[in-house]
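A.B. asks: Prediction below, plus the sequence it came from.
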Amino acid sequence: MAKKCQFWKDYDSVSGPVSYCELAAFNRPVNPDFLIKIGCTEAKRKECLGSMELNIGGSAVPVPAPEPKAAVTPVASFSPPAEICKSFVGVAQAKATTKMGSLIPLGILAGAYIALGAIMFTIITNDLAGFIGDGLTRMVGGISFSLGLILVVLGGAELFTGNNMIMTGYLEKKVSGKQLLNNWFWVYLFNFVGSLLVVFLFYYSGIWKANGGAIGVRAVNIAAAKASLPWVEALFRGIFCNWLVCLAVWLANAGRDVIGKILAIMIPIAAFVAAGFEHSVANMYFVPMGLALANQETLSTLLDPAVIQGLTVKAFFMNNLIPVTIGNIIGGAGFVAATYWGAYLRPLLPKKDLIANGKM
């Protein structure tokens, strides 16, 4: 080599001449500026590599350290609460202006989807408590029941309890009171139709006869318990229920992938079912299903007459559906929609105006 680098070493060994790059031999860190300073150009490195291959069979030669990559700002896997709240105003406007041609089938589907979740709950929990106890049975039942809201949110449907969130659009003055009540009325009605459709289909499917009629007995006992609730208890269970259901819808809108949305729905729904809270649309399936099976001869020897004595259509409406529906509206429209609107979207007066008005 015509001009030797200070890091280039060569000597004569017993086996012959040895030449090598000291930087490479000891794996010393290098950077582009340092290589330029010692004259280690790309051409020079190729020359050194050739000499090393000739003498010792080749070895590494120093190369510049890679330029550090620019820091990548992590992308949030969910939407922040303020953003969700704004999005619900847009959702409220879209729902409030949905044409009847779409509202009817989507309302029926939502009632049917919730009823399918209720069927899952009934079948899975019909004898589960004998194996894992009451608490875990409630939790497993809640997870299975969450199928209904998963189908509504991801499949697309109009559910009365979820549509209580239209209140955000009303408070933001993007939805009129007439539009709000119109949506709630028709969606509620068609949810009922969808629920009764599934009652009809499940009744004639005969699946309730399985496990020696235990599934049918479970359906009747669920209905009887709901129809015998004191009015005030049904009201407050309805409040708790839709507080959690609307939070499930809220959290599902925060998720940005399917798995995230499913988990966001499943956990609050499992909580409300495990606690024994009351969902008006679910009860549109549970109680009519119990009424349809209460007088079945197949189940007559398995049912306790005292249990089904209070299971009547009047008890369904007066003791359950009316107070639960009122509670659902309070829990969803009040505790979730109005509260979050107040926290994130309510127009706030400037501080000087608050002082002038004697509010500070």
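C.D. replies: Good, I have the coordinates. Numbers count the residues shown, from 1 in each chain.

A.B. asks: For F78, give me the backbone phi and psi.
C.D. replies: phi -150, psi 160 (degrees, to the nearest 10).

A.B. asks: Report the contact partners of it.
C.D. replies: 254-256, 260 (Cβ atoms under 8 Å, 6 or more residues apart in numbering). Yep, even glycine has a C-beta here, placed from its N, CA and C like the rest.

A.B. asks: And G332, by the same measure?
C.D. replies: Listed by Cβ under 8 Å, 6+ apart, the contact set of G332 reads 161-162, 164-165, 167, 242-243, 245-246.

A.B. asks: What separation is there between W250 and T122?
C.D. replies: Look at W250 and T122: by Cβ to Cβ, to the nearest Å, they are 28 Å apart.

A.B. asks: Y170 now?
C.D. replies: Y170 is 36 Å from T122, by Cβ to Cβ.

A.B. asks: Among these two, which residue is more densely surrounded?
C.D. replies: T122 (25 against 21; other Cβ atoms under 10 Å).

A.B. asks: Wait, that one touches A219, no?
C.D. replies: Yes. Judged on Cβ atoms under 8 Å, T122 makes contact with A219 at a distance of 5.3 Å.

A.B. asks: Residues that sit against both of the two, list them.
C.D. replies: Taking Cβ under 8 Å, 6+ apart as the criterion, T122 and A219 both touch M289.

A.B. asks: which regions of the stretch 51-200 of the chain lie under the pLDDT threshold?
C.D. replies: 52-76 (pLDDT under 70).

A.B. asks: Apply 80 and report the result again.
C.D. replies: 51-78 (pLDDT under 80).

A.B. asks: any idea how far the most centrally placed residue in the chain lies from R256?
C.D. replies: In the chain, the residue lying closest to the centroid (Cα atoms, centre = their mean) is A264, at 2.5 Å. For A264, the distance to R256 (Cβ to Cβ) stands at 11 Å.

A.B. asks: Same question for S19, what's its three-state structure.
C.D. replies: Per DSSP: H, G, I helix; E, B strand; the rest coil, the secondary structure class of S19 is strand.

A.B. asks: which residues does it bridge with?
C.D. replies: On the basis of DSSP bridges, S19 is bridged to D10.

A.B. asks: pLDDT at it, what is it?
C.D. replies: The model reports S19 with a pLDDT of 72.
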